[in-house]
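In: give me a model of this one.
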Amino acid sequence: QGGNSKPSGERYNFAYIDQNAAKTFGIAIGYSHLDDPIIAKEFGTYGWNTNGHGTAPAGTWGTDGLKTFDFTGTNKRDGGTISLEFRPTSSFTSTFDAYYSKFNRVETDRGIETNNGWNGGVAAGPTYTAQTISNGDLVGATITGLYPLARNMYNQRNDKLTALGWNAKYHEGKWEVVADISYSSADRKELNEETQGQLHDASGNPVVDTGTFDLATGGFPTLKFGQAYSNPATMQVGPSIYGGGYGKVPMVQDTLHSYKIDFARGLDKYFDKFEFGFNYGDRTKHKRQPEGSLSTLNNAWTVVDPSLLYSPANLSFAGAPTSLTWDVPGVLAKYYQPFAPTENAANWQIAKAWNVSEKITTSFAQLNIDDQLGWAQLRGNIGVQAKSVDQSSASMYWDDTTNSAKPNVDGQKYTDFLP
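Out: Okay, here's the model as predicted:
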């Protein structure tokens, strides 16, 4: 498997339900645990276009890049729930529910990736031979002058879900009152870090390669190279055509508060019941995604210390050679400059950071109809509700005049009267 996956996982659940002898109090408790390995294989392409690929006829679709990866890691989740119900008399019932879940995903993607159209000027541009075209698509070729990279990408995700709710019901005579309070939140934090190694010769010069791909095998596509990519002495981490690396720190927070109280009174004539009540909901959502380039110390190439290496990634499922793998956080700590992500330093970043808030207040009153008219049963209601909405958002926009990000705050307030 390579990397840090184990071959098996585990899953178990627990539940307990009980009540007291007087049947005035009940309890339900549940717990669930998941520990599941990530073991996956991938072959991918990107940048399909008709911009010209070797001697393929004009209009032929071809890919600008090829990659094959071995995915390893773990998914872990622990969740718990509890429900308490209290009914001291036949006229009153109170229920409390709570749920909490914590999820952690750690995944490392290890493999070989090559750009079919650009090699950073290391050698003459890639040259295509032995091309295979099917239905207007370039599905196979041999390409010389490639600059393949051994890529190691580390992804960590932490999710926390929380939900709380309290509900109470009271009825006396023809009156009934229902109150409900709830809270829920979803928090997600991620860390995405990518690094890449390049093949060097004994003199420290970059090495280009020849690759052959076949997308029409009738089975799994293949990607083959002439060089070896798992030798720790020749594979070095540093400033490749994709830079020294890249990192992101996405974060999303979503919170909802809700309060509700309803009153109802039974009626004897014409109408079955009169209801009125109030409902308030307050939701906020925040998104952030600081990101930026990763650079080695002094922007230099370096050999990875053996203590930071894992077993090479086995890419034989795609016909590719094994690829050097390493502990991404360890390599970043030892060989890279401190990571300093930003969220509004460029115009393409600003759309990834924003806040949204929405408050909705609803008041209503209605008369319910439930009556027998001869042979027909008549059901329905007549009423009115007032809905007030206060929505606002905050983000950034890019000012081309000053070449900088500027704040943008907007929103809307309105009240509608509806049936």
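
In: this protein: helices as residue ranges?
Out: Using DSSP state H, the helices of the chain run over residues 328-335.

In: who's in contact with the residue of it positioned farthest from its centre?
Out: Centroid-distance maximum for the chain: residue 374 at 58.9 Å, with C-alpha atoms, centre = their mean. The contact partners of residue 374, by C-beta atoms under 8 Å, 6 or more residues apart in numbering, come to none. From N, CA and C alone the C-beta is placed, and that goes for glycine too.

In: in the chain, which ranges drop under the pLDDT threshold?
Out: Counting by pLDDT under 70, the low-confidence segments of the chain come to 1-5, 119, 121-124.

In: for residue 265, which residues make a bridge with it?
Out: residue 175, residue 274 (DSSP bridges).

In: equivalent analysis for residue 206, please.
Out: Counting by DSSP bridges, the residues bridging with residue 206 are residue 200.

In: looks like residue 60 contacts residue 49 (just checking).
Out: No - under the criterion of C-beta atoms under 8 Å, residue 60 makes no contact with residue 49, lying 10.0 Å away.

In: more neighbours: which of these two?
Out: residue 60 (18 against 12; other C-beta atoms under 10 Å).

In: and that one, what does it touch?
Out: 50, 53, 133, 136-138.

In: in stretch 90-106, what counts as buried?
Out: Neighbour counts using 16 or more other C-beta atoms under 10 Å place 93-95, 97, 99, 101, 103, 105-106 of stretch 90-106 among the buried residues.

In: for the residue farthest from the centre of the chain, give its distance to residue 323.
Out: 82 Å (C-beta to C-beta, to the nearest Å).

In: with residue 411 instead?
Out: 50 Å.

In: repeat for residue 239
Out: For residue 239 relative to residue 323 (C-beta to C-beta), the value is 19 Å.

In: more neighbours, the two?
Out: residue 323 (28 against 17).

In: that older thread, for the contacts of residue 60, give me CSV that also has distance to residue 153 and neighbour count.
Out: Converted to CSV, the contacts of residue 60 look like this (distance: C-beta to C-beta, whole Å; neighbours: other C-beta atoms under 10 Å):
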residue, distance to residue 153, neighbour count
50, 30, 14
53, 26, 21
133, 32, 16
136, 33, 12
137, 28, 16
138, 27, 23
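
In: from those, which is closest to residue 216?
Out: Each of those was checked against residue 216 using C-beta to C-beta; the closest is residue 137, at 8.8 Å.

In: how close does that closest one sit to residue 271?
Out: 69 Å.

In: now do residue 380
Out: 10 Å.

In: mutual contacts of those two, please.
Out: Common neighbours of residue 380 and residue 271 (C-beta under 8 Å, 6+ apart) are 368-369.

In: who's more crowded, these two?
Out: When residue 380 and residue 271 are compared on other C-beta under 10 Å, the one with more neighbours turns out to be residue 271, at 16 against 10.

In: need the contact list for that one.
Out: Here residue 271 is in contact with 367-369 (C-beta under 8 Å, 6+ apart).

In: also residue 319?
Out: 222-224.

In: now with 10 Å?
Out: 43, 68, 212-214, 217, 220-225 (C-beta atoms under 10 Å, 6 or more residues apart in numbering).

In: equivalent analysis for residue 51, please.
Out: Applying C-beta under 10 Å, 6+ apart, the residues near residue 51 are 60-62, 64, 117.

In: against residue 417, how distant is it?
Out: 58 Å.

In: how about residue 20?
Out: In terms of C-beta to C-beta, residue 20 sits 48 Å off from residue 417.

In: coming back round to it: take the contacts of residue 319 and keep only those in strands.
Out: 43, 68, 212-214, 222-225 (DSSP state E).

In: if we can go back for a sec, in CSV: the contacts of residue 319, plus neighbour count and distance to residue 190.
Out: Compiled in CSV, these are given as follows (neighbours: other C-beta atoms under 10 Å; distance: C-beta to C-beta, whole Å):
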residue, neighbour count, distance to residue 190
43, 20, 25
68, 25, 24
212, 16, 36
213, 26, 31
214, 18, 35
217, 12, 35
220, 12, 30
221, 18, 29
222, 17, 32
223, 25, 29
224, 14, 34
225, 21, 32
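
In: possible to save those residues as CSV with distance to residue 253?
Out: Formatted as CSV, those follow (distance: C-beta to C-beta, whole Å):
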residue, distance to residue 253
43, 36
68, 36
212, 48
213, 43
214, 46
217, 46
220, 40
221, 40
222, 44
223, 40
224, 46
225, 44
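
In: which one of those residues is nearest residue 357?
Out: residue 43 (43.6 Å).

In: ok, the closest one touching residue 318?
Out: Yes - at 5.1 Å, residue 43 counts as touching residue 318 under the criterion of C-beta atoms under 10 Å.
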